[in-house]
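[1] sequence? don't have it. structure:
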DNA sequence: GATGAAATAGCATTTGC
DNA sequence: GCAAATGCTATTTCATC
(Lines give C-alpha, C1' and ligand atoms only; values in the text may rest on other atoms or scores of the structure.)
Protein backbone atom coordinates (compact mmCIF):
# COMPACT_ATOMS: atom_id res chain seq x y z
CA UNK A 1 0.00 0.00 0.00
CA UNK A 2 1.53 3.31 1.09
CA UNK A 3 0.66 4.84 -2.28
CA UNK A 4 -2.12 7.33 -2.69
CA UNK A 5 -4.04 6.83 -5.89
CA UNK A 6 -6.54 9.34 -7.15
CA UNK A 7 -9.32 8.73 -9.64
CA UNK A 8 -7.10 9.40 -12.62
CA UNK A 9 -4.47 6.96 -11.37
CA UNK A 10 -7.14 4.29 -11.03
CA UNK A 11 -8.37 5.04 -14.52
CA UNK A 12 -4.85 4.72 -15.87
CA UNK A 13 -4.35 1.43 -14.04
CA UNK A 14 -7.56 0.03 -15.45
CA UNK A 15 -6.73 1.05 -18.98
CA UNK A 16 -3.19 -0.28 -18.80
CA UNK A 17 -4.35 -3.62 -17.45
CA UNK A 18 -6.76 -3.96 -20.34
CA UNK A 19 -4.36 -2.86 -23.05
CA UNK A 20 -0.93 -1.40 -22.58
CA UNK A 21 -0.22 -1.50 -26.28
CA UNK A 22 -1.43 2.00 -26.99
CA UNK A 23 0.40 5.26 -27.49
CA UNK A 24 0.71 7.53 -24.51
CA UNK A 25 -1.24 10.22 -26.34
CA UNK A 26 -4.25 7.94 -26.55
CA UNK A 27 -4.03 7.17 -22.85
CA UNK A 28 -3.86 10.88 -22.24
CA UNK A 29 -7.01 11.47 -24.24
CA UNK A 30 -8.80 8.68 -22.37
CA UNK A 31 -8.10 10.15 -18.95
CA UNK A 32 -8.31 13.79 -19.99
CA UNK A 33 -4.76 14.82 -19.25
CA UNK A 34 -1.91 16.13 -21.33
CA UNK A 35 0.56 13.56 -22.68
CA UNK A 36 3.28 14.91 -20.42
CA UNK A 37 1.18 14.61 -17.28
CA UNK A 38 0.06 11.14 -18.29
CA UNK A 39 3.63 10.06 -18.84
CA UNK A 40 4.61 11.37 -15.43
CA UNK A 41 1.81 9.53 -13.68
CA UNK A 42 2.53 6.26 -15.40
CA UNK A 43 6.19 6.58 -14.55
CA UNK A 44 5.29 7.25 -10.92
CA UNK A 45 3.04 4.19 -10.83
CA UNK A 46 5.89 2.06 -12.13
CA UNK A 47 8.42 3.49 -9.69
CA UNK A 48 6.00 3.06 -6.80
CA UNK A 49 5.70 -0.61 -7.67
CA UNK A 50 1.97 -0.50 -8.33
CA UNK A 51 2.67 -1.44 -11.93
CA UNK A 52 5.12 -4.32 -11.64
CA UNK A 53 5.63 -4.78 -15.34
CA UNK A 54 4.26 -4.51 -18.82
CA UNK A 55 4.32 -7.85 -20.56
CA UNK A 56 2.89 -9.83 -23.42
CA UNK A 57 0.35 -12.52 -22.58
CA UNK A 58 0.47 -15.58 -24.79
CA UNK A 59 -2.05 -18.22 -25.67
CA UNK A 60 -0.31 -21.23 -24.09
CA UNK A 61 -1.78 -23.64 -26.60
CA UNK A 62 -0.79 -21.53 -29.58
CA UNK A 63 2.69 -21.16 -28.09
CA UNK A 64 3.16 -24.93 -27.99
CA UNK A 65 1.88 -25.89 -24.54
CA UNK A 66 -1.40 -27.74 -24.89
CA UNK A 67 -1.28 -28.94 -21.30
CA UNK A 68 -1.80 -26.46 -18.48
CA UNK A 69 -2.37 -27.74 -14.98
CA UNK A 70 -2.85 -26.41 -11.51
CA UNK A 71 -0.80 -28.47 -9.11
CA UNK A 72 -1.49 -28.20 -5.41
CA UNK A 73 1.25 -29.34 -3.10
CA UNK A 74 1.49 -30.51 0.49
CA UNK A 75 5.07 -30.50 1.66
CA UNK A 76 6.58 -33.48 3.43
CA UNK A 77 8.31 -31.22 5.93
CA UNK A 78 7.57 -27.71 6.98
CA UNK A 79 10.89 -26.61 8.38
CA UNK A 80 12.36 -23.49 6.78
CA UNK A 81 15.21 -25.49 5.30
CA UNK A 82 12.93 -27.93 3.54
CA UNK A 83 10.71 -25.11 2.31
CA UNK A 84 13.68 -23.26 0.92
CA UNK A 85 14.92 -26.35 -0.88
CA UNK A 86 11.52 -26.88 -2.44
CA UNK A 87 11.37 -23.23 -3.43
CA UNK A 88 14.74 -23.38 -5.14
CA UNK A 89 13.72 -26.52 -7.01
CA UNK A 90 10.49 -24.95 -8.22
CA UNK A 91 12.23 -21.79 -9.33
CA UNK A 92 14.61 -23.86 -11.41
CA UNK A 93 11.80 -25.62 -13.27
CA UNK A 94 10.84 -23.63 -16.37
CA UNK A 95 7.58 -25.53 -16.77
CA UNK A 96 6.37 -23.99 -13.52
CA UNK A 97 5.24 -20.59 -14.71
CA UNK A 98 3.86 -19.35 -11.38
CA UNK A 99 3.82 -20.51 -7.77
CA UNK A 100 2.38 -19.19 -4.51
CA UNK A 101 2.62 -20.14 -0.88
CA UNK A 102 -0.91 -20.47 0.43
CA UNK A 103 -2.75 -21.10 3.68
CA UNK A 104 -5.48 -23.71 3.70
CA UNK A 105 -5.68 -27.37 2.81
CA UNK A 106 -2.42 -27.22 0.93
CA UNK A 107 0.91 -25.43 1.14
CA UNK A 108 1.68 -24.38 -2.40
CA UNK A 109 -0.25 -23.75 -5.57
CA UNK A 110 1.61 -24.13 -8.84
CA UNK A 111 0.74 -23.41 -12.41
CA UNK A 112 2.51 -25.79 -14.76
CA UNK A 113 2.64 -25.99 -18.54
CA UNK A 114 3.80 -28.92 -20.63
CA UNK A 115 4.17 -29.91 -24.26
CA UNK A 116 2.85 -33.42 -23.62
CA UNK A 117 2.00 -35.88 -20.89
CA UNK A 118 5.55 -37.14 -20.66
CA UNK A 119 6.84 -33.68 -19.90
CA UNK A 120 4.14 -33.17 -17.31
CA UNK A 121 5.00 -36.42 -15.62
CA UNK A 122 8.63 -35.42 -15.49
CA UNK A 123 7.68 -32.24 -13.67
CA UNK A 124 5.42 -34.03 -11.20
CA UNK A 125 8.06 -36.63 -10.46
CA UNK A 126 10.63 -33.97 -9.83
CA UNK A 127 8.31 -32.12 -7.48
CA UNK A 128 7.79 -35.36 -5.56
CA UNK A 129 11.52 -35.86 -5.14
CA UNK A 130 12.07 -32.28 -4.05
CA UNK A 131 9.89 -32.20 -0.98
CA UNK A 132 6.30 -32.59 -2.11
CA UNK A 133 4.45 -35.16 -0.04
CA UNK A 134 1.18 -35.03 -1.90
CA UNK A 135 0.40 -33.59 -5.32
CA UNK A 136 -3.03 -32.92 -6.70
CA UNK A 137 -3.30 -32.16 -10.36
CA UNK A 138 -6.08 -30.20 -11.99
CA UNK A 139 -6.09 -30.13 -15.75
CA UNK A 140 -7.10 -26.77 -17.13
CA UNK A 141 -9.86 -27.43 -19.63
CA UNK A 142 -11.10 -24.08 -20.73
CA UNK A 143 -11.11 -20.49 -19.66
CA UNK A 144 -14.28 -19.66 -17.77
CA UNK A 145 -13.40 -15.99 -17.33
CA UNK A 146 -10.38 -14.37 -18.93
CA UNK A 147 -7.69 -12.78 -16.86
CA UNK A 148 -9.35 -9.56 -15.79
CA UNK A 149 -8.06 -6.29 -14.43
CA UNK A 150 -8.04 -5.74 -10.70
CA UNK A 151 -11.28 -3.86 -10.03
CA UNK A 152 -9.49 -0.74 -8.88
CA UNK A 153 -12.14 1.63 -10.13
CA UNK A 154 -14.93 2.05 -7.61
CA UNK A 155 -17.07 -0.98 -8.23
CA UNK B 1 -1.21 -24.34 -32.64
CA UNK B 2 -1.32 -24.08 -36.41
CA UNK B 3 1.35 -21.39 -36.29
CA UNK B 4 4.90 -22.05 -37.29
CA UNK B 5 7.35 -20.26 -35.06
CA UNK B 6 11.02 -20.03 -35.92
CA UNK B 7 13.85 -19.26 -33.55
CA UNK B 8 13.49 -15.52 -33.93
CA UNK B 9 9.77 -15.68 -33.19
CA UNK B 10 10.50 -17.62 -30.01
CA UNK B 11 13.11 -15.09 -29.05
CA UNK B 12 10.64 -12.27 -29.58
CA UNK B 13 8.00 -14.06 -27.54
CA UNK B 14 10.40 -14.58 -24.67
CA UNK B 15 11.53 -10.97 -24.66
CA UNK B 16 8.00 -9.62 -24.87
CA UNK B 17 6.81 -11.81 -22.01
CA UNK B 18 9.63 -10.51 -19.84
CA UNK B 19 9.25 -6.87 -20.76
CA UNK B 20 7.04 -5.42 -23.45
CA UNK B 21 7.78 -1.89 -22.37
CA UNK B 22 10.67 -1.38 -24.72
CA UNK B 23 10.97 0.39 -28.05
CA UNK B 24 10.71 -1.73 -31.13
CA UNK B 25 14.22 -0.69 -32.15
CA UNK B 26 15.61 -2.28 -29.00
CA UNK B 27 13.72 -5.50 -29.66
CA UNK B 28 15.14 -5.42 -33.18
CA UNK B 29 18.67 -5.13 -31.85
CA UNK B 30 18.07 -7.99 -29.42
CA UNK B 31 16.97 -10.40 -32.12
CA UNK B 32 19.26 -9.11 -34.84
CA UNK B 33 16.66 -7.89 -37.31
CA UNK B 34 15.75 -4.53 -38.74
CA UNK B 35 13.04 -2.56 -36.95
CA UNK B 36 10.70 -3.05 -39.89
CA UNK B 37 11.10 -6.82 -39.94
CA UNK B 38 10.71 -6.96 -36.17
CA UNK B 39 7.53 -4.93 -36.34
CA UNK B 40 6.14 -7.26 -39.01
CA UNK B 41 6.84 -10.35 -36.95
CA UNK B 42 5.33 -8.95 -33.79
CA UNK B 43 2.24 -7.88 -35.68
CA UNK B 44 1.94 -11.36 -37.16
CA UNK B 45 2.25 -12.93 -33.72
CA UNK B 46 -0.57 -10.74 -32.49
CA UNK B 47 -2.79 -11.44 -35.46
CA UNK B 48 -2.13 -15.17 -35.19
CA UNK B 49 -3.33 -15.05 -31.59
CA UNK B 50 -0.07 -16.24 -30.10
CA UNK B 51 0.24 -12.91 -28.32
CA UNK B 52 -3.19 -12.37 -26.83
CA UNK B 53 -2.47 -8.99 -25.35
CA UNK B 54 0.04 -6.61 -23.89
CA UNK B 55 -0.98 -5.52 -20.45
CA UNK B 56 0.25 -4.00 -17.23
CA UNK B 57 0.66 -6.31 -14.26
CA UNK B 58 -0.10 -4.75 -10.90
CA UNK B 59 0.95 -5.56 -7.38
CA UNK B 60 -2.46 -6.49 -5.96
CA UNK B 61 -1.54 -5.36 -2.47
CA UNK B 62 -0.22 -2.03 -3.64
CA UNK B 63 -3.34 -1.58 -5.74
CA UNK B 64 -5.58 -1.94 -2.71
CA UNK B 65 -6.31 -5.67 -2.58
CA UNK B 66 -4.48 -7.19 0.36
CA UNK B 67 -6.48 -10.40 0.12
CA UNK B 68 -5.92 -12.75 -2.80
CA UNK B 69 -7.38 -16.23 -2.68
CA UNK B 70 -7.64 -19.28 -4.84
CA UNK B 71 -11.16 -20.65 -4.64
CA UNK B 72 -11.84 -24.13 -5.87
CA UNK B 73 -15.43 -24.95 -6.70
CA UNK B 74 -17.51 -28.09 -7.01
CA UNK B 75 -20.77 -27.37 -8.75
CA UNK B 76 -24.08 -28.56 -7.34
CA UNK B 77 -25.28 -29.57 -10.78
CA UNK B 78 -23.37 -30.36 -13.91
CA UNK B 79 -25.98 -29.80 -16.56
CA UNK B 80 -25.04 -27.30 -19.25
CA UNK B 81 -27.73 -24.90 -18.09
CA UNK B 82 -26.44 -24.82 -14.52
CA UNK B 83 -22.87 -24.47 -15.71
CA UNK B 84 -23.81 -21.58 -17.92
CA UNK B 85 -25.62 -19.81 -15.11
CA UNK B 86 -22.60 -20.19 -12.85
CA UNK B 87 -20.34 -18.92 -15.60
CA UNK B 88 -22.45 -15.83 -16.13
CA UNK B 89 -22.48 -15.13 -12.41
CA UNK B 90 -18.72 -15.46 -12.15
CA UNK B 91 -18.13 -13.22 -15.14
CA UNK B 92 -20.25 -10.55 -13.53
CA UNK B 93 -18.21 -10.54 -10.33
CA UNK B 94 -15.34 -8.08 -10.64
CA UNK B 95 -13.52 -9.57 -7.64
CA UNK B 96 -13.02 -12.76 -9.63
CA UNK B 97 -10.04 -11.82 -11.75
CA UNK B 98 -9.59 -15.19 -13.46
CA UNK B 99 -11.44 -18.49 -13.68
CA UNK B 100 -10.86 -21.81 -15.40
CA UNK B 101 -12.86 -24.96 -15.91
CA UNK B 102 -10.70 -27.85 -14.77
CA UNK B 103 -10.74 -31.63 -14.66
CA UNK B 104 -9.85 -33.32 -11.41
CA UNK B 105 -11.16 -33.16 -7.88
CA UNK B 106 -12.98 -29.95 -8.57
CA UNK B 107 -14.83 -28.25 -11.41
CA UNK B 108 -13.63 -24.68 -11.40
CA UNK B 109 -10.61 -22.79 -10.14
CA UNK B 110 -11.05 -19.12 -9.37
CA UNK B 111 -8.69 -16.36 -8.44
CA UNK B 112 -10.39 -13.79 -6.24
CA UNK B 113 -9.18 -10.50 -4.82
CA UNK B 114 -10.74 -8.52 -2.00
CA UNK B 115 -10.16 -5.34 -0.02
CA UNK B 116 -11.08 -7.00 3.27
CA UNK B 117 -12.60 -10.10 4.78
CA UNK B 118 -16.12 -8.75 4.48
CA UNK B 119 -15.74 -8.32 0.74
CA UNK B 120 -14.30 -11.80 0.41
CA UNK B 121 -17.19 -13.28 2.33
CA UNK B 122 -19.64 -11.48 0.09
CA UNK B 123 -18.02 -13.10 -2.93
CA UNK B 124 -17.99 -16.57 -1.41
CA UNK B 125 -21.63 -16.27 -0.39
CA UNK B 126 -22.61 -15.20 -3.85
CA UNK B 127 -20.74 -18.11 -5.40
CA UNK B 128 -22.63 -20.45 -3.08
CA UNK B 129 -25.96 -19.08 -4.16
CA UNK B 130 -25.06 -19.26 -7.83
CA UNK B 131 -24.43 -22.95 -8.16
CA UNK B 132 -21.37 -23.79 -6.10
CA UNK B 133 -21.91 -26.82 -3.91
CA UNK B 134 -18.57 -26.78 -2.19
CA UNK B 135 -16.00 -24.02 -1.97
CA UNK B 136 -12.45 -24.41 -0.78
CA UNK B 137 -10.51 -21.27 -0.09
CA UNK B 138 -6.75 -20.95 -0.20
CA UNK B 139 -5.31 -17.71 1.02
CA UNK B 140 -2.38 -16.55 -1.03
CA UNK B 141 0.41 -15.82 1.43
CA UNK B 142 3.45 -15.02 -0.64
CA UNK B 143 4.79 -15.46 -4.11
CA UNK B 144 7.01 -18.50 -4.31
CA UNK B 145 7.94 -17.97 -7.95
CA UNK B 146 6.92 -14.91 -9.92
CA UNK B 147 4.80 -15.18 -13.00
CA UNK B 148 7.28 -16.46 -15.54
CA UNK B 149 7.34 -16.58 -19.31
CA UNK B 150 6.22 -19.72 -21.08
CA UNK B 151 9.46 -21.60 -21.73
CA UNK B 152 9.13 -21.30 -25.49
CA UNK B 153 12.84 -21.18 -26.13
CA UNK B 154 14.34 -24.62 -26.37
CA UNK B 155 14.88 -25.49 -22.75
C1' DG C 1 7.66 -14.39 -48.79
C1' DA C 2 10.40 -11.93 -45.97
C1' DT C 3 13.98 -8.55 -45.32
C1' DG C 4 16.52 -4.08 -45.33
C1' DA C 5 17.04 0.92 -46.20
C1' DA C 6 15.15 5.20 -46.68
C1' DA C 7 11.44 8.51 -45.92
C1' DT C 8 7.44 10.31 -43.58
C1' DA C 9 4.36 10.90 -40.02
C1' DG C 10 3.67 10.52 -35.39
C1' DC C 11 5.02 10.01 -30.69
C1' DA C 12 7.93 10.27 -26.41
C1' DT C 13 10.19 13.23 -23.64
C1' DT C 14 12.06 17.52 -22.01
C1' DT C 15 11.87 22.35 -20.73
C1' DG C 16 9.83 26.43 -19.25
C1' DC C 17 5.67 28.21 -17.51
C1' DG D 1 -0.49 20.04 -14.79
C1' DC D 2 0.03 22.42 -19.48
C1' DA D 3 2.05 23.94 -23.95
C1' DA D 4 5.57 24.15 -27.07
C1' DA D 5 9.79 22.26 -28.95
C1' DT D 6 13.16 18.68 -29.84
C1' DG D 7 14.76 14.25 -30.87
C1' DC D 8 13.59 9.70 -31.61
C1' DT D 9 10.54 6.11 -32.93
C1' DA D 10 6.86 3.70 -35.37
C1' DT D 11 5.31 2.71 -39.65
C1' DT D 12 5.06 2.73 -44.53
C1' DT D 13 7.06 2.27 -49.05
C1' DC D 14 9.77 0.19 -52.25
C1' DA D 15 13.67 -2.22 -53.97
C1' DT D 16 15.98 -6.55 -53.13
C1' DC D 17 17.47 -11.20 -52.01
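    Okay, I see it. What you see is a predicted model; the values in this text were computed from it and never measured.

[2] List the buried residues in stretch A:21-28.
    Buried residues in stretch A:21-28, counted by 16 or more other C-beta atoms under 10 Å in any protein chain shown: A:27-28. In short, each C-beta sits where N, CA and C put it, glycine included.

[3] which parts of chain A sit against DNA strand C?
    By C-beta under 7 Å from any atom of the strand, the residues of chain A that approach DNA strand C are A:23-26, A:35-36, A:39.

[4] I'd like the domain boundaries of chain A, if you could list them.
    Using automatic domain parsing, the domain ranges for chain A come out as A:7-47, A:67-139.

[5] In a markdown table, list these along with mean pLDDT.
    Below are these laid out as a markdown table (pLDDT from 0 to 100):
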| stretch | mean pLDDT |
| --- | --- |
| domain A:7-47 | 97 |
| domain A:67-139 | 98 |
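
[6] Centre-most residue in chain A?
    Taking C-alpha atoms, centre = their mean as the criterion, residue A:98 is the residue nearest the geometric centre of chain A, at 6.1 Å.

[7] about what we covered before: which one of the domains of chain A lies closest to residue B:115?
    Nearest to residue B:115, of all the domains of chain A, is domain A:7-47, at 13.2 Å by C-beta to C-beta.

[8] anything in that closest one near DNA strand D?
    Yes: Domain A:7-47 reaches DNA strand D (C-beta under 7 Å from any atom of the strand) through A:8, A:32-37, A:40-41.

[9] Mind picking the two most distant members of those residues?
    The largest separation in the residues of domain A:7-47 next to DNA strand D, counting by C-beta to C-beta, is between A:32 and A:40 at 14.6 Å.

[10] all strands for chain A, in order.
    Along chain A, counting by DSSP state E, strands occupy A:51-58, A:67-75, A:96-103, A:108-114, A:132-145.

[11] packing partners for the first one?
    If you count contacts as 3 or more C-beta pairs under 8 Å, 6 or more residues apart in numbering or on different chains; DSSP states H and E, strand A:51-58 packs onto helix A:7-18, helix B:7-18, strand B:51-58.

[12] Now render the residues of domain A:7-47 next to DNA strand D as a markdown table, adding neighbour count.
    Below are those laid out as a markdown table (neighbours: other C-beta atoms under 10 Å in any protein chain shown):
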| residue | neighbour count |
| --- | --- |
| A:8 | 14 |
| A:32 | 10 |
| A:33 | 17 |
| A:34 | 11 |
| A:35 | 14 |
| A:36 | 10 |
| A:37 | 13 |
| A:40 | 12 |
| A:41 | 21 |
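
[13] Pick the one among those closest to residue A:134.
    Using C-beta to C-beta, residue A:41 comes nearest to residue A:134 of the residues of domain A:7-47 next to DNA strand D, at 46.7 Å.

[14] my guess is the closest one meets residue A:13, correct?
    No: in this structure residue A:41 lies outside contact range of residue A:13 using C-beta atoms under 8 Å: 9.9 Å.

[15] how far is stretch A:21-40 from where the chain is centred?
    Here the centre of stretch A:21-40 is set off from its chain's centre by 26 Å, with C-alpha atoms, centre = their mean, to the nearest Å.

[16] what's the first-to-last distance across it?
    End-to-end distance for stretch A:21-40: 18 Å, by C-alpha to C-alpha, to the nearest Å.

[17] what pLDDT does the nearest residue to residue A:53 once chain neighbours are set aside get?
    Spatial nearest neighbour of residue A:53, chain neighbours left out: residue B:57 (5.2 Å); criterion: C-beta to C-beta, 6 or more residues apart in numbering or on different chains. Looking at residue B:57, its pLDDT reads 98.
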